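In: Could you work out the structure for the sequence below:
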Amino acid sequence: MRCFLAIPVGPEPSALLARAQERLRRTGADVKWVERENLHLTLKFLGEVEESRLDAVRGSARDIAAGTPAMAMRYRGIGCFPHERAPRVVWVGTAFAPDAIGTLAARLETELAARGFPTENRPFRGHVTLGRVRSPRGAKDLARELGGLRDGDFGGQAADGFVLFRSDLGPSGPKYSVLETFPFAKGP
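Out: Numbering: from 1, shown residues only. Next comes the predicted model:
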């Protein structure tokens, strides 16, 4: 099954991000927008995982989460990968404990690599994907509208853990199922 580890976007920021998506949608750009209930910050994409290997993922995730303190998250700024002149992914950035989230992602990467999962060949950049650009149609209008949201603040949330998701691809897009939630360490 296709799996990934992520922090789901909370209710307040997901409502604000849905409004930003609607504003961007009005440009007519050819973008497949991520459904509000699917918004998340990916920590580690695992790809296809045999069910027999899920216990290893769960064990590593449980141990790492237990050693990670809860954190305050903030979503701020919108951009594109690789850049606005040739957008492929529209994203919103994060403005919260970047060292903490980077450290968490690095620990997951290292631990799961030791268990035989492939490593990511790009550096980790904490972000939430808002949409995937399908063609260049409307890209200039999209870039112009993105400029107006570049420094936007899209709310915050307390992150008290992360989730192992299963992703089932279908004709209308992916459907995510929670396989397990891994709570962060409790405060002092």
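
In: Which residue ranges of the chain form helices?
Out: With DSSP state H as the criterion, the chain has helices at 11-25, 54-66, 98-114, 139-149.

In: right, and those helices - which one's nearest residue 175?
Out: helix 11-25 (16.9 Å; C-beta to C-beta). To be clear about C-beta, it is placed using only N, CA and C from the backbone, and glycine gets the same treatment.

In: so how far is that closest one off the chain centroid?
Out: 15 Å (C-alpha atoms, centre = their mean, to the nearest Å).

In: Any chance of the helices of the chain in JSON lines with distance to residue 157 as columns?
Out: Compiled in JSON lines, these are given as follows (distance: least, C-beta to C-beta, whole Å):
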{"stretch": "helix 11-25", "distance to residue 157": "6"}
{"stretch": "helix 54-66", "distance to residue 157": "17"}
{"stretch": "helix 98-114", "distance to residue 157": "13"}
{"stretch": "helix 139-149", "distance to residue 157": "19"}
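
In: So which of those helices is nearest residue 82?
Out: Here helix 139-149 is closest among the helices of the chain (C-beta to C-beta), at 12.7 Å.

In: What average pLDDT does the closest one get?
Out: Helix 139-149 shows a mean pLDDT of 92.

In: Report the buried residues of that helix.
Out: The neighbour-count check on helix 139-149 (16 or more other C-beta atoms under 10 Å) flags 139, 142-143, 145-146, 149 as buried.

In: between those, which is nearest residue 13?
Out: Residue 13 lies nearest to residue 149 out of the buried residues of helix 139-149, by C-beta to C-beta, at 13.8 Å.

In: Touching, the closest one and residue 23? I think so.
Out: Yes. Counting by C-beta atoms under 8 Å, residue 149 touches residue 23, with 7.2 Å between them.

In: Start and end of stretch 115-125, how far apart?
Out: 23 Å (C-alpha to C-alpha, to the nearest Å).

In: got it, and stretch 32-44?
Out: First residue to last in stretch 32-44 (C-alpha to C-alpha) measures 22 Å.

In: which residue ends up closest to the midpoint of the protein in space?
Out: By C-alpha atoms, centre = their mean, the chain has its centre lying nearest to residue 41, at 2.2 Å.

In: and the closest residue to that one other than its chain neighbours, how far is that from residue 175?
Out: Counting by C-beta to C-beta, 6 or more residues apart in numbering, residue 41 lies nearest to residue 7, which is 4.6 Å off, once chain neighbours are set aside. Remark: distance between residue 7 and residue 175 (C-beta to C-beta, to the nearest Å) = 19 Å.

In: Understood, closing this out.
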